[in-house]
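J.: Please work out how this folds:
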Amino acid sequence: MRSRIFRRYFWSALLLFTLSLLAVDLYVVHFYGGSRVDRLNTQLKLQARILAGEPIGTVSPWAKSASVRAGTRVQVLNAQGGVEADAGATPGDDIETLAASVPLSDPDRAGWTLRLSTPLTELNKNVNELRLWLAGITMFSIALALGLTYLFMRSFSGRMQRLRTYIEGLPDASLPDEELPGGNDALGSLSQALRQTAPKIRDLVDELKLEGARREAILASMVEGVLAVDRQQRVTFCNRSFARTVGARIPVPEGMPLLDLARDPALRDVLITVLQTGLPVERRIQLRGVQAHSFEVQAVPLAGPSAHGALAILHDITELERLERVRKDFVANVSHELRTPLAAIRGYAETLLDGALEDLEHNRKFVEVILAHAIRLNNIASDLLILSELESGAQTQPKRVSIRSTIESALRTVESAAKVRNVKLTTGLIEPLYVKGYEIRLEQAFVNLLDNAVKFNRPDGEVRIETSAAGDGKVGITISDTGIGIPSDDLPRIFERFYRVDKARSRAVGGTGLGLSIVRHVIEQMGGTIRVSSQLGKGSQFVMELPCEEVATAVEG
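T.: The predicted structure is shown next:
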């Protein structure tokens, strides 16, 4: 009786059956009582017509005789309605009677009426007995119908409950088909149809789950931030990349308001525009709280059968913007670096053509200036080609390189320049360590650092180079000097192309502004790192760390 459909059909059937039985009872009682009254009325009229045709004589004796013979009450009424004779039992005032009146045939009593009447007590008693008998049958029938209906509806409700349980657990492939109700009725046909459809539903659900898992795995593993919201700007999906970008706790609960996740008006404006217009939006924004990080946001509408929303993908373009700035700075710096020597070459060449060739006192000096600037241009072009080669990765197979022999070769290269400037080259402990890389490039990096340490040193200064095991399987190379030093504000930029701390002195000593940039690329290409520390007027120190391949088994001669 707990099932709603059980209660509905049970009480409906019971009410309908009860009303039907009550209607039958009323009809039977009414039909029985009416037929008995009609028959009694016909009998009274027949007796009255028979008695009305007899000779009366004296009225009272005849009325008594007629009452005895008819077994009813007999009344003789004159023409004025008065009672001339009344014979037979006289019922009480509350007794229901049935009467029949006919005119007398006696010519001496024209206009007189004979009326016969009989009480309906017996008839009412029979009708009441019939009513009670029918009521008993009705109650028995209702009780029987109640029991049968209960049994039927209980069985029906049980079958419906089994069908419901099966449907609720339908995606579960382990659900046995025996749970379905049987039978040859409509419910059995429905069970058979479900039994045939269940495998298809399970396969479809499995495919949808697999597809959803694949899609979620792809979105979750994307480097780009992915965010999906519904029409009310509640989060429906957010991958780890986006959560890390906005500094949210992972995992982000579904249904969280967007304002609680990312309080950024630019992102919110993009999503609102997509939700309102239903059109894709692409915009470049910078999220608040993410320092110096810019994003290219691509947002598209999401339309489903029951809900609408928006999907936003955030591409981090911070590095692209930095590279764009570097490219612009590089073009500007290259133009500036080339303009000076080209202008000098052109100026002195024009001077020579204008007559300075015959000036024996100065013409050689002009040609020397042109040669110096041509050499400078060649050095710039050479360094640019080296940088291009390093950045493109177009290198030969890395080989085993001895740190000691590379340092010694670099020291020999800068030895003459150090003597000219009266700078002392010293070496500390040079361990017999090996790295994997490119010997020529590594030597060039050492030469660039040593050459700078010599050029920007003071007279009687010192340049020192030494190696040591840095731990974690790395070798450390330190080049320090006692030169003029580097301002702390310039330290973060010294490895940029064409960046010079002292532009005038750098050009005077023949620098191209690309040496330290080449050093950084060489070290990083070999899997190492480089850092610098410096104090104005006291000198600088460059520390390089490279992955160590092995230790030499014998000291090299």
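J.: Go ahead and confirm Ser540 touches Val532.
T.: Yes: the pair Ser540 and Val532 passes the contact test of CB atoms under 8 Å, sitting 6.4 Å apart. For the C-beta atoms, the positions are set from N, CA and C on the backbone; glycine is no exception.
J.: Residues that sit against both of the two, list them.
T.: Overlap of the contact sets of Ser540 and Val532 (by CB atoms under 8 Å, 6 or more residues apart in numbering) consists of Ile486.
J.: which element follows the helix or strand containing Ser517 toward the C-terminus?
T.: Assigned by DSSP states H and E, Ser517 belongs to helix 515-525. Downstream of helix 515-525, the first helix or strand assigned by DSSP H and E is strand 529-535.
J.: what angle separates the following helix or strand past that following strand from helix 515-525?
T.: On the C-terminal side of strand 529-535, the nearest following helix or strand under DSSP H and E is strand 539-551. Using axes from the mean of the first three to the mean of the last three CA atoms, to 10 degrees, the interaxial angle of strand 539-551 with respect to helix 515-525 works out to 30 degrees.
J.: Sheet partners, orientation included, of strand 539-551?
T.: The pairing partners recorded for strand 539-551 under DSSP bridges are strand 433-437 (antiparallel), strand 474-481 (antiparallel), strand 529-535 (antiparallel).
J.: out of these, nearest to Thr18?
T.: With distances scored as CB to CB, the stretch of those nearest to Thr18 is strand 529-535 (95.8 Å).
J.: Could you check how far Ala381 is from Ile375?
T.: Ala381 is 11 Å from Ile375, where distance means CB to CB, to the nearest Å.
J.: likewise Glu224?
T.: 49 Å.
J.: These two: who's more crowded?
T.: Neighbour totals were compared for Glu224 and Ile375, and Glu224 leads with 17 against 12 (other CB atoms under 10 Å).
J.: Give me the phi and psi angles of that one.
T.: The main-chain torsion angles of Glu224 are listed as degrees, to the nearest 10 and equal phi -70, psi 150.
J.: hang on, it packs against Arg244?
T.: No: taking contact to mean CB under 8 Å, the distance of 11.8 Å between Glu224 and Arg244 leaves them out of contact.
J.: pLDDT weak spots in the stretch 1-150 of the chain?
T.: Low-confidence segments of the stretch 1-150 of the chain, defined by pLDDT under 70, span residues 1-7, 9-10, 89-93.
J.: can you pull out the helices in it?
T.: The residue ranges that make up the helices of the stretch 1-150 of the chain, judged by DSSP state H, counting those that start in this stretch, are 4-52, 59-70, 121-168.
J.: Quick check: which of those is buried the most?
T.: helix 59-70 (a mean of 17; mean count of other CB atoms under 10 Å).
J.: got the angle for it vs helix 4-52?
T.: Our comparison of helix 59-70 with helix 4-52, counting by the same axes, to 10 degrees, yields an angle of 130 degrees.
J.: how near is Asp203 to Val463?
T.: Separation of Asp203 from Val463 (CB to CB): 76 Å.
J.: who has more neighbours, these two?
T.: Remark: of Asp203 and Val463, Val463 carries more neighbours, 25 against 11, as counted by other CB under 10 Å.
J.: Which secondary structure state is assigned to that one?
T.: When states are read from DSSP: H, G, I helix; E, B strand; the rest coil, the local structure at Val463 comes out as strand.
J.: Not counting its neighbours along the chain, what's nearest it?
T.: Distances taken as CB to CB, 6 or more residues apart in numbering place Ala453 nearest to Val463, at 4.4 Å, with adjacent residues excluded.
J.: give me every residue that touches that neighbour.
T.: In this structure, Ala453 makes contact with Val423, Val463, Ile479, Ser480, Asp481, Gly483, Ser540, judged by CB under 8 Å, 6+ apart.
J.: Quick check: pLDDT value at it.
T.: Reading off the confidence values, Ala453 has pLDDT 89.
J.: So it lies in a helix, does it not?
T.: Yes: under the criterion used here (three-state DSSP), Ala453 sits inside a helix.
J.: How about Leu314: what's its closest non-neighbour residue?
T.: Sequence neighbours aside, Gly225 is the residue nearest to Leu314 in space, at 3.8 Å (criterion: CB to CB, 6+ apart).
J.: Can you get me a residue count around that neighbour?
T.: Neighbourhood size, Gly225 [other CB under 10 Å]: 24.
J.: The stretch 351-500 of the chain: strands as residue ranges?
T.: In the stretch 351-500 of the chain, the segments counted as strands under DSSP state E, counting those that start in this stretch are 399-402, 424-427, 433-437, 462-471, 474-481.
J.: Including distance to Leu287 and mean pLDDT, could those go into JSON lines?
T.: Output for those, formatted as JSON lines (distance: least, CB to CB, whole Å; pLDDT from 0 to 100):
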{"stretch": "strand 399-402", "distance to Leu287": "45", "mean pLDDT": "86"}
{"stretch": "strand 424-427", "distance to Leu287": "51", "mean pLDDT": "90"}
{"stretch": "strand 433-437", "distance to Leu287": "40", "mean pLDDT": "85"}
{"stretch": "strand 462-471", "distance to Leu287": "38", "mean pLDDT": "86"}
{"stretch": "strand 474-481", "distance to Leu287": "37", "mean pLDDT": "90"}
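J.: circling back: would you tell me which of the strands paired with strand 539-551 gets closest to Ala417?
T.: Of those, nearest to Ala417 by CB to CB is strand 474-481, at 13.1 Å.
J.: How far does that closest one sit from its chain's centre?
T.: Using CA atoms, centre = their mean, to the nearest Å, the mean C-alpha position of strand 474-481 is found 53 Å from that of the whole chain.
J.: and the angle for it with strand 462-471?
T.: 160 degrees.
J.: what's the distance between Glu254 and Asp230?
T.: 10 Å.
J.: swap in Leu22?
T.: In this structure, Leu22 and Asp230 are 58 Å apart, going by CB to CB.
J.: Let me see the contact set for the residue nearest to Leu314.
T.: Residues near Gly225 by CB under 8 Å, 6+ apart: Asn239, Ser241, Phe242, Thr245, Phe295, Ile313, Leu314, Asp316.
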